[in-house]
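S.K.: Mind looking at a prediction? Sequence and model below.
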Amino acid sequence: MKKNQIVPNLQIRLYKSMILTRKFEEKIVALSQEPDRMPGMQILANGQEAVATGIVSALKPEDVIISNHRSHGHLLARGTDLNSLMAEIMVKDKGVNGGKAGTLHLSVPDVNVLMTSTVVGAGPPLAIGAAFAQQYKRAKGITVVFFGDGAAAEGSVHEAMNLAGVWKLPLLFVCENNCWAGAQRLEEHCATQHIFQRAKGYDMPGQNVDGNDVEAVYNLAVELVEYCRSGKGPALMEALTYRMRGHGEQDRQHYVDLRELAIWKAKCPIRRYRQKLLNDGVLNQAQIKTIDQDAETRVSAAVAFGDESPYPGPETALTDVFVQPPSA
Ligand SMILES: Cc1ncc(C[n+]2csc(CCOP(=O)(O)OP(=O)(O)O)c2C)c(N)n1
Ligand SMILES: [Mg+2]
C-alpha cells in the first residue's frame with residue numbers, strides 16, 4: 001500500500017494547477033481558430049492535466065525537467081510565468097524565448113525546464129546528460145523526462161533507459177500513455193500494453209498509475225522521486241491517460257471512436273477531482289467558482305500581455321540562437 005502524502009493545502013494547489021492548465025489550453029483552442037493569431041501547430045494536453053500536475057508537484061526546485069511536444073501542463077505546473085509563456089506561443093518578443101521557440105521547442109531555465117522538443121524520443125538521451133551532470137557534481141537534484149507511448153518505441157528511449165540503468169543515474173522516466181501516437185492506437189504501434197514493465201529489462205523499478213487521478217499520480221511520483229534522489233538509480237513511471245483532442249489542433253479526430261471518447265470524458269481528471277474536493281468538504285462550490293474565474297482572468301491577462309508585445313525584429317534573428325562553447 002502506497003503512503004498517502006496528500007494534505008489539504010496541497011489538494012487546493014493540485015486543483016488550481018490543473019484548472020489553470022485547462023483554461024490556458026482552452027484559450028489556445030479559441031485563439032487558434034482565429035486567423036493569424038497562433039502561428040504553427042498547437043499540440044494540447046487536454047485531459048492529461050493530472051499527469052503534469054501530479055508529477056511536477058512532487059519535485060523540488062533543483063530538479064530538472066525535460067519535456068516533449070505536449071508540454072504546457074509541465075511548464076505551468078512548474079510555475080513558468082504565464083504571460084511570457086503565452087507570449088512565446090504567440091511567437092512574440094516578450095515570450096520566454098523571445099518568440100523564437102513558439103510552442104514546440106521551449107527552454108525555461110528560470111524554472112529548470114531544460115528543454116521541450118517535438119522530435120519524438122529526443123528527450124531521454126538528453127536527460128541522460130542532465131542526470132549524469134547531477135550525479136557527477138553530486139548535486140541534490142534529479143532529472144525527470146516526459147515522453148509519450150509512441151516515443152516509448154523509439155530506439156533512443158531504450159538506449160537512454162539502458163544507460164541510465166548501467167550508470168544508476170538519478171533519472172525518472174515518465175511515460176505519459178495517452179493511448180495514441182498521432183492517428184495510431186496504442187495496440188497498433190506498441191508490442192505491449194504495459195510499458196512500465198520494460199523497466200525490468202533496464203534494472204530499474206517500474207510502476208503504473210491511473211493518470212487521471214491526480215492524487216494517485218502525486219503519491220507514486222513522491223515515491224519514485226525519492227528513490228531516484230536516494231542514489232539507487234533511475235525509475236520508470238507509466239501514467240495511463242487519454243488524449244481528448246486531436247494530435248494537434250488541425251486534427252479533427254475522424255479516426256476516434258466517439259464512444260471511447262465519451263468514456264474518457266467521464267473520467268476527466270479535473271471534473272473528477274472537483275467532485276472529490278466537494279465531497280470531502282475541502283472546497284465548496286463558491287470557492288471552486290472563484291478559483292476557476294481567477295484562472296480565466298490570469299489567462300486573459302496573459303493574452304493581453306502577448307497582444308501588446310511586438311514580434312521579434314529581423315535584426316534579432318541571430319541573437320540567442322547559438323551558444324559559444326566554453327573554451328578548453
Ligand atoms: C523523430 C520523430 N518521428 C516522428 C515525428 C512525428 N510525430 C510527432 S508527434 C508523433 C506521435 C508521438 O506520440 P507519443 O509519443 O505517444 O506522444 P503524444 O503525441 O501522444 O503525446 C509523431 C509520430 C516526430 N516529430 N519526430
Ligand atoms: Mg501518445
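M.R.: That came through fine. Ligands and ions are numbered 1, 2, ... in the order given.

S.K.: number of nearby residues for residue 139?
M.R.: 14 (other Cβ atoms under 10 Å). C-betas here are computed from N, CA, C, even on glycine.

S.K.: what number of residues lie near the residue of the stretch 51-200 of the chain found nearest ligand 2?
M.R.: Here the stretch 51-200 of the chain gets closest to ligand 2 at one residue, residue 148, 3.6 Å apart by Cβ to the ion. Burial measure for residue 148: 23 neighbouring residues, criterion other Cβ under 10 Å.

S.K.: Could I get the pLDDT score of it?
M.R.: Turning to residue 148, the model gives it a pLDDT of 98.

S.K.: And for it, nearest residue in space, chain neighbours not counted?
M.R.: residue 176 (5.7 Å; Cβ to Cβ, 6 or more residues apart in numbering).

S.K.: A helix includes that neighbour, no?
M.R.: No. Residue 176 is assigned strand when assessed by DSSP: H, G, I helix; E, B strand; the rest coil, not a helix.

S.K.: residues in contact with it?
M.R.: Residues counted as contacts of residue 176 (Cβ atoms under 8 Å, 6 or more residues apart in numbering) are 48, 51, 70, 146, 147, 148, 149, 211, 239, 241.

S.K.: Out of those, grab the one that's most surrounded.
M.R.: residue 51 leads the contacts of residue 176 on contacts (other Cβ under 10 Å) with 31 neighbours.

S.K.: Leaving out sequence neighbours, find the closest residue to residue 316.
M.R.: Looking at residue 316 with Cβ to Cβ, 6+ apart, the closest residue is residue 98, at 6.8 Å.

S.K.: so who does the one you found touch?
M.R.: Contacts of residue 98 by Cβ under 8 Å, 6+ apart are 312, 316, 319, 320.

S.K.: Spit out the contact partners of the residue most central in space within the chain.
M.R.: Centroid-nearest residue in the chain: residue 74, 3.2 Å away (criterion: Cα atoms, centre = their mean). Going by Cβ under 8 Å, 6+ apart, residue 74 touches 52, 55, 56, 65, 67, 113, 116, 146.

S.K.: Now it: which helix or strand?
M.R.: helix 72-77 (DSSP states H and E).

S.K.: picking up where we left off before, what residues are bridge-paired with the residue nearest to residue 148?
M.R.: Listed by DSSP bridges, the beta-bridge partners for residue 176 are residue 148, residue 239.

S.K.: I'd like the contacts of residue 176 written out as JSON lines, with distance to ligand 1 added.
M.R.: Shown next, in JSON lines, are those (distance: Cβ to the nearest ligand atom, whole Å):
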{"residue": "48", "distance to ligand 1": "8"}
{"residue": "51", "distance to ligand 1": "10"}
{"residue": "70", "distance to ligand 1": "4"}
{"residue": "146", "distance to ligand 1": "9"}
{"residue": "147", "distance to ligand 1": "6"}
{"residue": "148", "distance to ligand 1": "2"}
{"residue": "149", "distance to ligand 1": "4"}
{"residue": "211", "distance to ligand 1": "12"}
{"residue": "239", "distance to ligand 1": "12"}
{"residue": "241", "distance to ligand 1": "10"}
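
S.K.: on that earlier part again, of the contacts of residue 74, which is the most crowded?
M.R.: Result: residue 52 is most packed of these (other Cβ under 10 Å), 32 neighbours.

S.K.: so that one, which of the three states?
M.R.: Classified using three-state DSSP, residue 52 is helix.

S.K.: Residue 177 - how many residues pack around it?
M.R.: Using other Cβ under 10 Å: residue 177 sits among 28 other residues.

S.K.: wait, what's in contact with it?
M.R.: Contact analysis of residue 177 by Cβ under 8 Å, 6+ apart lists 148, 149, 152, 186, 195, 211, 238, 239, 240, 241.

S.K.: what are the phi and psi values for the closest residue to the last one other than its chain neighbours?
M.R.: What sits nearest to residue 241 in space, not counting adjacent residues and going by Cβ to Cβ, 6+ apart, is residue 211, at 3.5 Å. Reported as degrees, to the nearest 10, the phi and psi values for residue 211 are phi -70, psi 0.

S.K.: And residue 211, how far from residue 114?
M.R.: Distance, residue 211 to residue 114, by Cβ to Cβ, to the nearest Å: 23 Å.

S.K.: ditto for residue 240
M.R.: Per Cβ to Cβ, residue 240 is found 26 Å from residue 114.
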